[in-house]
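Q: Curious how this folds, go ahead:
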Amino acid sequence: MDRPVVFVDGEHGTTGLQIRARLDGRDDLELTSIPTERRRDKALRRSLLNEADLAILCLPDEGAMEAVAMIANPRTRVLDGSTAHRVSRGWVYGFPELDDGQPAAIRAARFVSVPGCYATATVGLLHPLINAGLLPRGWPISVHGVQGYSGGGRQLVDAMEGRGGEHRLAGPYRAYALDLTHKHQPEMQHYSGLERKPLFVPAVGSWRQGQLVQIPLHLWSLPQRPTASDMHAVLSAHYEGQHFVRVMPFAPDQPPAAAAAVLAPEALAGTNIMELFVFENRAEGHALLVARMDNLARAPRVRRRKTWTSCSASSAAGLMSSGGKVEFGHPSAL
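A: Residues are numbered from 1 along each chain as shown. A predicted model of the protein is given here:
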């Protein structure tokens, strides 16, 4: 049987380089490539896109839309790491743990959009709670996210690692998107099931990769008056049996342990794991939902394996397995 052909469009960028490195050496697929000096050769790019069984797009939004428009071969499947198609009709969202039917939908899809890093964490926390009725769809939600500088792409990485250049986000800690608009908000709203976009406040720190996403809640104000334990139970049931999403233990009767807890955003760097936490202050009726993951792993690089896994099609059978997540902390995730 012929090996499936995989073309990484944008392999010379931050995300593309990492994906290419993960696939090099695989003998069950054939990797095609554009030489650095021919990156702007549209005829060659069009040819490689249409010869591929699976095209992986590691491009800015405009480049991704251009690439999709070039594909005339109906057998070419597409995995897009940009934000261009994440809420587009005809595209399947590459989050296998979203619902029971999502892995099958991904496997059958021709076009799969790779979830954003911040969106993965937000949707992972909110979607089960909204579906269960603990959070109303119209409830105002605020989200705070912070991740390592690798999410900012090559220029920020070079500035932070002493290879020259400047970047407005370079430094120990920078809050940004202070106009309160961010490209991940549409998918956060859509796949969480919210009626309105959440208020999202992102930041970038001085570590290379890893992120925390936090969602504070006033439990006393919610119509159903759920407890933090209720929320933990819903998350645990939703992700039961999942390998890559882990709902961490809830210990409401051990406040000293919670008070002493510290969450390091970089703790899961290099893994596909996403950890979900529920913390509470019962006396005040406060709860805090937290997701921790590698913004690049559970996204661009490590998700690589999940990607093949859930995204694959019969034409690229050697690339997938069964379960797992498909997300990219793509070159300009920030």
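Q: Tell me if I'm right that residue 36 and residue 16 touch.
A: No: shown here, residue 36 and residue 16 do not form a contact pair, counting by Cβ atoms under 8 Å, at 11.6 Å. The way it works is simple: take the backbone N, C-alpha and C, and place the C-beta from them, glycine included.
Q: okay, those two: which has more neighbours?
A: The neighbour count for residue 36 versus residue 16, taken as other Cβ atoms under 10 Å, is higher for residue 16 (23 against 8).
Q: any idea how far that one is from residue 58?
A: In this view, residue 16 and residue 58 are 4 Å apart by Cβ to Cβ, to the nearest Å.
Q: just how off-centre is the helix or strand containing residue 289 within its chain?
A: Element membership of residue 289, judged by DSSP states H and E, is strand 286-293. Strand 286-293 sits 16 Å away from the centroid of its parent chain (Cα atoms, centre = their mean, to the nearest Å).
Q: OK, contacts around residue 264?
A: For residue 264, the contacting residues are residue 210, by Cβ atoms under 8 Å, 6 or more residues apart in numbering.
Q: what's the pLDDT at it?
A: pLDDT for residue 264: 96.
Q: Mind jotting down where the strands sit in the stretch 151-300 of the chain?
A: 173-175, 199-205, 211-218, 245-247, 274-281, 286-293 (DSSP state E, counting those that start in this stretch).
Q: dump the residue contacts of residue 67.
A: The contact partners of residue 67, taken as Cβ under 8 Å, 6+ apart, are 9, 45, 49, 55, 57, 59, 78.
Q: helix, strand or coil for it?
A: helix (DSSP: H, G, I helix; E, B strand; the rest coil).
Q: what's the spacing between it and residue 32?
A: 14 Å.
Q: how close does the most far-flung residue of the chain relative to its centre get to residue 225?
A: In the chain, counting by Cα atoms, centre = their mean, residue 283 sits farthest out from the average C-alpha position, at 34.4 Å. Distance, residue 283 to residue 225, using Cβ to Cβ: 15 Å.
Q: Then residue 184?
A: In terms of Cβ to Cβ, residue 184 sits 30 Å off from residue 225.
Q: Tell me which of those two has more neighbours.
A: residue 184 (26 against 11).
Q: Can you give me the pLDDT of the more buried one?
A: For residue 184, pLDDT reads 96.
Q: For it, which residues are in contact?
A: 83, 116, 117, 118, 119, 122, 200.
Q: Need phi/psi at it.
A: Phi and psi for residue 184, reported as degrees, to the nearest 10, are phi -90, psi -10.
Q: Would you confirm that residue 51 contacts residue 32?
A: Yes: the pair residue 51 / residue 32 is scored as a contact, 6.9 Å apart, by Cβ under 8 Å.
Q: tell me, what's touching the two both at once?
A: Common neighbours of residue 51 and residue 32 (criterion: Cβ under 8 Å, 6+ apart): 5, 7.
Q: where exactly do the helices run in the stretch 51-200 of the chain?
A: Ranges of helices in the stretch 51-200 of the chain, per DSSP state H, counting those that start in this stretch, are 61-70, 102-108, 117-131, 154-160, 185-192.
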